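K.L.:
give me coordinates for this.
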Amino acid sequence: MVDGKFVVNFLQAIHAAEKRQAELDALAFTEEKRALKDKYEKKLRDLRARELMRAEEAAILDKEIKRERVKAAAAIRALQEKMEEKLRVELEQKDTEAEMKQTKFQELAKAELVAALASEKAAQIEKMAEANLNIDALCMAFFARSEEARQIHSVHKLALGALALEDALTKGLPIQQELDALNPYLEELDKDSLLCLVLSSLPEEARQNGADTLLQLNQKFGALKGTLRHYILIPPGGGGGGILAHALAQIASWLRIKQVEPVSDGIESVIGRVESFLAEGKLAEAADALQDGVRGSQAEEIAGEWVRRARNRAITEQALTVLQSYATSISLTQ
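P.N.:
Below is the predicted model:
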């Protein structure tokens, strides 16, 4: 009985010691947690204070940068005004020097004239005639130089106009504005030149609406091929040939497409020649080949618009070539 009570007391003592140790551990953990919290709160306050300092420094730097920019802008304006004033003063000095030289020259001329009047009549007439010849020579030289400068300016503008015209043609844009800009310089250089006649004879459609580019002509011809194959066997007029004629033409176009070697005079041969000329950039030949190949059929009416557009493009390109050659040749003679 005594031993059992002793064991119970011993266990209670152990339990009380463990409980006390747990309370001590909890207290130590709480203290350590409070210390860590205080430590990190202090670090957080320090970081916030440092952030505020950085923000203040950034604001100060921004103000300094703005102030320096204002100073730099003011310095640049002052320097610019100073340079402008210096240039103005130099120009005024040059004008004054030129006026003084001109006045001096006039005074010398007057002195020579007075001296010449004191000499005999024959010498006076001879000197005056010589002076007149010199003045005429100076005037002629001045007018020649002015004319040369005007010619060079016109040639330069003509070359720029040719580039503008080429750009408009490359984009398929109307060219009337570019032609109007070229006319004054062409009239100054050679009013009666063949080039003026060439440019004035350009198609009105190309002037106002532009000429189709080579790519556009290729695309339109590609879209036109099926229609040409269909209408090539239908004679012109007669309201389009009727339903039977259209059906037969459609069947014939299918058969013609499937031919391995089309006859040389067939529509496939015509299409092949046109595509070959287009690949070589020969627009006039392509238009002639298509017109001749579909002549006498209803396809001639359908192909008419494409033929007209191709010829318009060919004519404008030929005119551009003539203009560029003229501008190059005349620039070499200046």
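
K.L.:
show me where the stretch 101-250 of the chain has helices.
P.N.:
121-171, 176-190, 194-200, 204-209, 214-231, 242-258 (DSSP state H, counting those that start in this stretch).

K.L.:
least reliable of these going by mean pLDDT?
P.N.:
Mean pLDDT is lowest for helix 242-258 out of those, coming in at a mean of 38.

K.L.:
so what's the gap between the next helix or strand after it and the chain middle?
P.N.:
Going down the chain from helix 242-258, the next helix or strand is helix 267-279, by DSSP states H and E. Relative to the chain's own centre, helix 267-279 is displaced by 35 Å; criterion: CA atoms, centre = their mean, to the nearest Å.

K.L.:
same for helix 267-279, what does it pack against?
P.N.:
helix 214-231, helix 242-258, helix 283-294 (3 or more CB pairs under 8 Å, 6 or more residues apart in numbering; DSSP states H and E). No exception for glycine: its C-beta is placed from N, CA and C like everyone else's.

K.L.:
now it and helix 283-294, what's the angle there?
P.N.:
170 degrees (axes from the mean of the first three to the mean of the last three CA atoms, to 10 degrees).

K.L.:
pull the CA atoms of helix 267-279 into CSV?
P.N.:
C-alpha atoms of helix 267-279 as CSV (Å, rounded to 0.1, in the frame of the first residue of the first chain):
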residue,chain,number,x,y,z
ILE,A,267,-7.1,30.1,-127.7
GLU,A,268,-4.6,28.2,-125.6
SER,A,269,-1.8,29.2,-127.9
VAL,A,270,-3.0,32.8,-127.8
ILE,A,271,-3.1,32.7,-124.0
GLY,A,272,0.4,31.2,-123.9
ARG,A,273,1.8,34.0,-126.1
VAL,A,274,0.1,36.7,-124.0
GLU,A,275,1.5,35.2,-120.8
SER,A,276,4.9,34.9,-122.4
PHE,A,277,4.9,38.5,-123.4
LEU,A,278,3.7,39.5,-119.9
ALA,A,279,6.5,37.6,-118.3
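
K.L.:
how about that helix, which residues are buried there?
P.N.:
267-268, 270-271, 273-275, 277-278 (16 or more other CB atoms under 10 Å).

K.L.:
just give me the neighbour total for H156.
P.N.:
Neighbour count of H156, defined by other CB atoms under 10 Å: 14.

K.L.:
and the helix or strand containing Q93, what's its mean pLDDT?
P.N.:
Taking DSSP H and E as the criterion, Q93 maps to helix 2-118. The pLDDT scores in helix 2-118 average 87.

K.L.:
what's the answer for stretch 284-300, then?
P.N.:
90.

K.L.:
buried residues in it?
P.N.:
Judged by neighbour count (16+ other CB under 10 Å), stretch 284-300 contains these buried residues: 285-291, 293-294, 297-300.

K.L.:
and these, which two are furthest apart?
P.N.:
Greatest spacing in those, by CB to CB: E285 and Q298 (23.6 Å).

K.L.:
from the middle of its chain, how far away would the helix holding Q93 be?
P.N.:
42 Å.

K.L.:
got it, and stretch 201-211?
P.N.:
23 Å.

K.L.:
adjust the sequence numbering to begin at 813 for everything that follows.
P.N.:
From this message on, residue numbering opens at 813, which makes the last subject stretch 1013-1023.

K.L.:
ends of it, how far apart?
P.N.:
Its start and end residues considered, stretch 1013-1023 measures 14 Å (CA to CA, to the nearest Å).

K.L.:
for D1024, phi and psi?
P.N.:
With angles defined as degrees, to the nearest 10, D1024 sits at phi -60, psi 140.

K.L.:
quick one: contacts for it?
P.N.:
By CB atoms under 8 Å, 6 or more residues apart in numbering, the contact list for D1024 reads 984, 1032, 1121-1122, 1124-1125.

K.L.:
you'd agree A1111 is up against L1036?
P.N.:
No - using CB atoms under 8 Å, A1111 makes no contact with L1036, being 9.3 Å away.

K.L.:
which residues does the closest residue in space to A1101 that isn't next to it in sequence contact?
P.N.:
Closest residue in space to A1101, ignoring its immediate chain neighbours: R1085 at 4.5 Å, by CB to CB, 6 or more residues apart in numbering. Listed by CB under 8 Å, 6+ apart, the contact partners of R1085 are 1098, 1101, 1105.

K.L.:
Q914 - how many residues pack around it?
P.N.:
10.

K.L.:
likewise the one 5 residues further on?
P.N.:
A count of neighbours around E919, defined by other CB under 10 Å, yields 10.

K.L.:
list the buried ones in stretch 1121-1136?
P.N.:
Within stretch 1121-1136, the residues scored as buried using 16+ other CB under 10 Å are 1121-1129, 1131-1132, 1135-1136.

K.L.:
so which of those are in strands?
P.N.:
The strands, defined by DSSP state E, take in nothing from those.

K.L.:
redo these as CSV? Include distance to L1014 and pLDDT.
P.N.:
Output for the buried residues of stretch 1121-1136, formatted as CSV (distance: CB to CB, whole Å; pLDDT from 0 to 100):
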residue, distance to L1014, pLDDT
R1121, 14, 92
A1122, 15, 93
R1123, 12, 93
N1124, 8, 91
R1125, 11, 92
A1126, 11, 92
I1127, 6, 91
T1128, 6, 92
E1129, 11, 88
A1131, 6, 86
L1132, 10, 85
L1135, 11, 82
Q1136, 15, 82
